[in-house]
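Chemist: just the structure for this:
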Amino acid sequence: MHMADALLSPGVGIALWAASAVTLGVASRRIRDRADDRLVPLMGMLGAFVFAAQMVNFAIPGTGSSGHLGGGLLLAILLGPHAAFVVVASVLTVQALFFADGGLLALGANLFNLGVLPCLVAYPLIYRPLAGPAPSRRRGAFAAIVAAVIGLQLGALAVVLQTTLSGISSLPLEPFLMLMLPIHLAIGIVEGLATAAIVLFVRRSGPELLDRAALGARAAAAPMRPLLTTLAVAALFTGGVLAGFASTQPDGLEWSVQRVAASAPPRAAPQGLHARLASLQQRLAWLPGYALPAGRDDVTPAGRQPASAAWPAVEPGTSLAGVVGGAVTLALVMAVGFMLRRRHSRA
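Modeler: Next comes the predicted model:
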């Protein structure tokens, strides 16, 4: 559900940049006040894993569309909502800057739709009340599915409203909405099941982590090296191997835009700020579309391989992008985390 710049006007894009930046500042202060060095490596490893997991699109049967794990709810359950938002922001920033996945003007909107809504709305208002303080296996799975579905429905609704408010595309509100909500309902169910499975694994291996995340306290005193090692292996395997077997069908947003645009009158391509940001993104992207630079012409506007590409798309560029992107995300999250800790120690 990464938005492209072509869907947003400069006014809407800048407003969402400002809203997400303020939220990021608040979340950063909460992490700093938490005063927990043990939280930072966990944030980094989970960021690398979520980056890799977002590369693995799964097909939605009978639709010609696909979806991928957003990860915001999962991160909120494991880290708490504020640390989760910082990690999501890092993942989306790396994707936009170095892999041309999501626009630069749209980065604020993507932070809001994929970060604020699942981490700071769906988690505290849906997941926590449904899961309770000590959720059973069934109750935790139910809470994860419901929260994931509602979080994605809110995100899909936000995309439609942001696009309509921008007024620079020819996508009519009602048809766009009627495509976005059902396809993201299916994606949300899959995300909820995946989230529940991962949380169950963590609960079995380190239940203290979940308890502490729910309370916003310091990370558990139990050894974290086994969990960090498991996450590192999972991130490498997911980004380096599984990403090559991802569905080549367009994701839910691209699929909806294609179908609505087919019956809508075309509009002139945006110029000015849009063109300048597109040029900047093209210069910054190391592996655009998660592929080697030679494949630039085969990359869709959202930065992923087109639906016509052969499956599985097992290519060196894809594996390289998964590993490099995970490593850069890990480094960025660790740098932000330790910078916040240094500011806390000086305060």
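Chemist: hey, let's count contacts and neighbours off CA atoms from now on
Modeler: Fine.
Chemist: show me what the helix or strand containing Thr195 is packed up against.
Modeler: In this assignment (DSSP states H and E), Thr195 forms part of helix 173-205. With contacts defined as 3 or more C-alpha pairs under 8 Å, 6 or more residues apart in numbering; DSSP states H and E, helix 173-205 has these neighbours: strand 65-67, helix 72-79, helix 137-166, helix 207-215, helix 252-261.
Chemist: tell me which residues of it are tucked away?
Modeler: Residues of helix 173-205 classed as buried under the neighbour-count rule (16 or more other C-alpha atoms under 10 Å) are 176-177, 179-181, 183-197, 199-200, 202-203.
Chemist: give the buried residues for stretch 148-161.
Modeler: By neighbour count on 16+ other C-alpha under 10 Å, the buried set for stretch 148-161 is 148-160.
Chemist: re earlier: what's the most buried one of the helices and strands packed on helix 173-205?
Modeler: helix 72-79 (a mean of 27; mean count of other C-alpha atoms under 10 Å).
Chemist: that helix: what's the following helix or strand?
Modeler: Counting by DSSP H and E, what follows helix 72-79 is helix 81-99.
Chemist: that following helix vs helix 72-79, what angle?
Modeler: In terms of direction (axes from the mean of the first three to the mean of the last three C-alpha atoms, to 10 degrees), helix 81-99 departs from helix 72-79 by 130 degrees.
Chemist: helix 81-99 - what's its average pLDDT?
Modeler: On average, the pLDDT along helix 81-99 is 96.
Chemist: send over that helix as CSV, restricted to the C-alpha atoms.
Modeler: Output in CSV follows, covering the C-alpha atoms of helix 81-99 (Å, rounded to 0.1, in the frame of the first residue of the first chain):
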residue,chain,number,x,y,z
PRO,A,81,3.5,1.4,19.7
HIS,A,82,6.1,4.2,19.8
ALA,A,83,9.2,2.1,19.1
ALA,A,84,7.1,0.3,16.4
PHE,A,85,6.4,3.6,14.6
VAL,A,86,10.1,4.6,14.6
VAL,A,87,10.9,1.2,13.1
VAL,A,88,8.2,1.5,10.4
ALA,A,89,9.4,5.0,9.6
SER,A,90,13.0,3.7,9.1
VAL,A,91,11.8,0.8,6.9
LEU,A,92,9.7,3.1,4.7
THR,A,93,12.5,5.7,4.4
VAL,A,94,15.0,3.1,3.3
GLN,A,95,12.5,1.8,0.7
ALA,A,96,11.8,5.2,-0.7
LEU,A,97,15.3,6.5,-0.8
PHE,A,98,17.3,3.5,-2.0
PHE,A,99,14.7,1.2,-3.7
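Chemist: just checking, which helix or strand succeeds that helix along the chain?
Modeler: The helix or strand immediately downstream of helix 81-99 is helix 107-111, counting by DSSP H and E.
Chemist: what's the closest of the buried residues of stretch 148-161 to Ala285?
Modeler: Val159 (24.2 Å; C-alpha to C-alpha).
Chemist: tell me the contacts of the closest one?
Modeler: Taking C-alpha atoms under 8 Å, 6 or more residues apart in numbering as the contact definition, Val159 lies against 3, 113.
Chemist: could we number from 39 for the rest of this?
Modeler: Yep, numbering from 39; the last one is Val197 now.
Chemist: pLDDT value on it, please?
Modeler: Predicted confidence (pLDDT) for Val197: 97.
Chemist: so how far is Leu280 from it?
Modeler: Distance, Val197 to Leu280, by C-alpha to C-alpha, to the nearest Å: 28 Å.
Chemist: of the buried residues of stretch 186-199, which is the nearest to Pro264?
Modeler: Ala186 (27.4 Å).
Chemist: from Thr201, how far off is that closest one?
Modeler: Taken as C-alpha to C-alpha, the span from Ala186 to Thr201 is 22 Å.
Chemist: repeat that for His222.
Modeler: Taken as C-alpha to C-alpha, the span from His222 to Thr201 is 17 Å.
Chemist: cool, Leu322 as well?
Modeler: 26 Å.
Chemist: do Leu378 as well
Modeler: Counting by C-alpha to C-alpha, the gap from Leu378 to Thr201 is 35 Å.
Chemist: what does Ala53 give?
Modeler: Counting by C-alpha to C-alpha, the separation of Ala53 from Thr201 is 13 Å.
Chemist: low-scoring stretches of this structure, by residue?
Modeler: 73-75, 244-261, 301-308, 332-352, 381-385 (pLDDT under 70).
Chemist: nearest the geometric middle of it, what residue?
Modeler: Centroid check for the chain by C-alpha atoms, centre = their mean gives Gly108 as the closest residue, at 4.1 Å.
Chemist: show me the contacts for that residue.
Modeler: Applying C-alpha under 8 Å, 6+ apart to Gly108 gives the contacts 88, 92, 152, 229.
Chemist: roughly how far does Thr233 sit from Arg76?
Modeler: In terms of C-alpha to C-alpha, Thr233 sits 23 Å off from Arg76.
Chemist: just Met216 next, same as before
Modeler: Using C-alpha to C-alpha, Met216 is found at 44 Å from Arg76.
Chemist: just Tyr161 next, same as before
Modeler: 22 Å.
Chemist: number of nearby residues for the closest residue to Ala56 other than its chain neighbours?
Modeler: Nearest non-adjacent residue to Ala56, counting by C-alpha to C-alpha, 6 or more residues apart in numbering: Gly146, 7.3 Å away. Neighbour count for Gly146, taken as other C-alpha atoms under 10 Å: 26.
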